[in-house]
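Asker: sequence? don't have it. structure:
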């Protein structure tokens, strides 16, 4: 593996994380309330509008729904689209690690 | 048997391009470049040059076509003048930032407004900081030889090269030009090896957004940020001076024609008064130096052939013994002074060169600059400096407004 960047012009290869961990840009994160999330309530694949609308493709179509915080930029579109108001945007400064 | 033809500067350029065999040409006609674009399309139509001639609707597109074709591995050529070059401005940065060895002729013409189709060098001068190598030619033979050298330089250092020559004065004036044998050019100019090839077999994203900070890619390599990438361009420029000189020397060995690498000198050995400039005005200055010598004034000429990279060490060496310096230039940085004058002063800072410099802004928009006028101006400069007036000055030659 190369230990330094030998490119003389701007090049990247299509791969997860080529642009760095863009989740670092986030100032608010989506937090899912499993008591309201439709697939979790029904116990079967349903809704997944958060997965459909996420512009970064970081929402999984699974039960429970998971969001990859390495790359979620915190845009809030999932919270806006969730028909059962299961997703709340919580400011990063208010999250206890 | 040499193939010497009496041709215009534009035809000399077209002949050079034909010999360099680009795979893609895209040029939008503009005076005084037009006959160059027309000749190349004729060569392609007649099958003399096996290139794709892409017709475009603007200069912005012509350079974009060249950038795209160069990215997938083709040798490319374009040419323009004046406002056409300014219309390319954004893409000029794009070509150099992508480190693509595009070769372009800028047939120098004054910039509007008001409209002028006639010669000065404000067009290419105003694109000085776009990251292109700029070489200024003084006659038609040099145009031909420089274009062939330009491909070798560009493809070795991965910086685009702008070959600049004066509109009408060279582009439309006929001179004897020795057309080199195709075999000589083939030996001098190896085939183009792109630094990065865009191909479906090895998918890449070219020029994604670069951030201020460096970033680790998916393989764990710490990749350059924007600033680091730009510094690579500046480092390449530092290397390019030697590459330009070597190209010039090797071409001289093969053809017997040496136009100088970064600068050329004319009777500077014992010169007290040195005249300098870029392109055909420097040729005119050599005639002025002859006339001044006939009067007993020890005059010489330094021609700035390569404007970027600026030949700092070379000019410090060449101007070492001068007591008076007169710069003749067809461009100006408005609100300050002539660009060559500024660069010379910056190069001399901290050296022993203390000679006052008079900057003559001359020939804008095609106003004729006669040898006699250069002689008179240079004589006035020398007399003024000899009389103890040491301040630097900017003088507009043959200009009548306040």
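Answerer: Happy to help now that I have it. Just so it is clear, the model here is predicted, and its values are computed rather than measured. Numbers count the residues shown, from 1 in each chain, chains lettered A, B, ... in the order given.
Asker: Least confident secondary structure element in chain B?
Answerer: strand B:215-216 (a mean of 86; mean pLDDT, DSSP states H and E).
Asker: Okay, now the sheet partners of the helix or strand following that one, with direction.
Answerer: Where DSSP states H and E defines the elements, the next helix or strand beyond strand B:215-216 is strand B:222-223. Each strand paired with strand B:222-223, and its direction, by DSSP bridges: strand B:215-216 (antiparallel).
Asker: Residues in contact with the strand it pairs with: which ones?
Answerer: Residues from elsewhere that reach strand B:215-216 (Cβ atoms under 8 Å, 6 or more residues apart in numbering or on different chains): A:17, A:19, A:20, B:222, B:223, B:225. For the C-beta atoms, the positions are set from N, CA and C on the backbone; glycine is no exception.
Asker: is it possible to export the residues you listed to TSV including neighbour count and distance to residue B:43?
Answerer: Rendered in TSV, the data for these read as follows (neighbours: other Cβ atoms under 10 Å in any protein chain shown; distance: Cβ to Cβ, whole Å):
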residue	neighbour count	distance to residue B:43
A:17	15	49
A:19	18	45
A:20	18	48
B:222	14	48
B:223	24	43
B:225	16	44
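Asker: Get me the contact residues on chain A for chain B.
Answerer: A:1-5, A:7-20 (Cβ under 8 Å from any Cβ of the partner chain).
Asker: Identify the residues contacting the closest residue to residue A:44 other than its chain neighbours.
Answerer: Nearest residue to residue A:44, sequence neighbours excluded (Cβ to Cβ, 6 or more residues apart in numbering or on different chains): residue A:63, at 7.6 Å. Contacts for residue A:63 were tallied using Cβ under 8 Å, 6+ apart; they are A:39, A:40, A:43, A:44, A:45.
Asker: For those residues, work out which two are farthest apart.
Answerer: A:40 and A:45 (11.0 Å; Cβ to Cβ).
Asker: So for those two, which sits in the more crowded spot?
Answerer: residue A:40 (18 against 11; other Cβ atoms under 10 Å in any protein chain shown).
Asker: List the contacts of the more buried one.
Answerer: So residue A:40 contacts A:34, A:63, A:64, A:65 (Cβ under 8 Å, 6+ apart).
Asker: right, and the secondary structure at residue B:29 would be what?
Answerer: coil (DSSP: H, G, I helix; E, B strand; the rest coil).
Asker: ok, how many other residues are close to it?
Answerer: Other residues close to residue B:29 by other Cβ under 10 Å number 17.
Asker: Surely it touches residue B:41?
Answerer: No: using Cβ atoms under 8 Å, residue B:29 makes no contact with residue B:41, being 9.3 Å away.
Asker: Get me the contact residues on the stretch 1-150 of chain B for chain A.
Answerer: Counting by Cβ under 8 Å from any Cβ, the residues of the stretch 1-150 of chain B lying close to chain A are B:97, B:98, B:99, B:100.
Asker: Could you work out the most separated pair of these?
Answerer: B:97 and B:100 (8.9 Å).
Asker: Which neighbours do these two have in common?
Answerer: Counting by Cβ under 8 Å, 6+ apart, the residues touching both residue B:97 and residue B:100 are residue A:9.
Asker: More neighbours: which of the two?
Answerer: residue B:100 (24 against 18).
Asker: what's the more buried one in contact with, if anything?
Answerer: Contacts of residue B:100 (Cβ under 8 Å, 6+ apart): A:9, B:66, B:67, B:70, B:71, B:158, B:160.
Asker: Recalculate using a threshold of 7 Å.
Answerer: B:67, B:70, B:71, B:160 (Cβ atoms under 7 Å, 6 or more residues apart in numbering or on different chains).
Asker: if we can go back for a sec, so is the residue nearest to residue A:44 in a helix, a strand, or just coil?
Answerer: Quick answer, by three-state DSSP: residue A:63 is coil.
Asker: Please say whether there is contact between the longest helix seen in chain B and chain A.
Answerer: In chain B, with assignment by DSSP state H, the single longest helix is helix B:226-255. Yes: using Cβ under 7 Å from any Cβ of the partner chain, we find that helix B:226-255 touches chain A at B:229, B:232.
Asker: follow-up on the earlier one: mind listing which of the residues of the stretch 1-150 of chain B next to chain A are in helices?
Answerer: residue B:97.
Asker: Phi first, then psi, for the residue of the stretch 301-402 of chain B found nearest chain A.
Answerer: Relative to chain A, the nearest point of the stretch 301-402 of chain B is residue B:309 (16.8 Å; Cβ to the nearest Cβ). As for residue B:309, its main-chain torsions (degrees, to the nearest 10) stand at phi -60, psi 140.
Asker: tell me the contacts of it?
Answerer: Counted by Cβ under 7 Å, 6+ apart, residue B:309 has contacts B:133, B:237, B:240, B:241.
Asker: out of those residues, which is most surrounded?
Answerer: residue B:133 (26 neighbours).
Asker: so what's that residue closest to, chain neighbours aside?
Answerer: Nearest to residue B:133 is residue B:161, by Cβ to Cβ, 6+ apart, at 4.5 Å.
Asker: ditto for residue A:50
Answerer: residue A:78 (3.8 Å).
Asker: which residues does the one you found contact?
Answerer: Here residue A:78 is in contact with A:30, A:50, A:53, A:54, A:59, A:87 (criterion: Cβ under 7 Å, 6+ apart).
Asker: go again using 10 Å as the cut-off
Answerer: By Cβ atoms under 10 Å, 6 or more residues apart in numbering or on different chains, the contact set of residue A:78 is A:30, A:32, A:49-55, A:58-59, A:65, A:67, A:72, A:86-87, A:89.
Asker: Quick check: it is in a helix.
Answerer: Yes: membership of residue A:78 in a helix is supported by three-state DSSP.
Asker: Tell me the confidence at it?
Answerer: Note on residue A:78: pLDDT of 98.
Asker: of the contacts of strand B:215-216, closest to residue B:189?
Answerer: For the contacts of strand B:215-216, the nearest to residue B:189 is residue B:223 (33.0 Å; Cβ to Cβ).
Asker: Count the residues that sit near the nearest residue to the closest one once chain neighbours are set aside.
Answerer: Nearest residue to residue B:223 in three dimensions, chain neighbours excluded: residue A:5, at 4.4 Å (Cβ to Cβ, 6+ apart). When neighbours are defined as other Cβ under 10 Å, residue A:5 has 18 of them.
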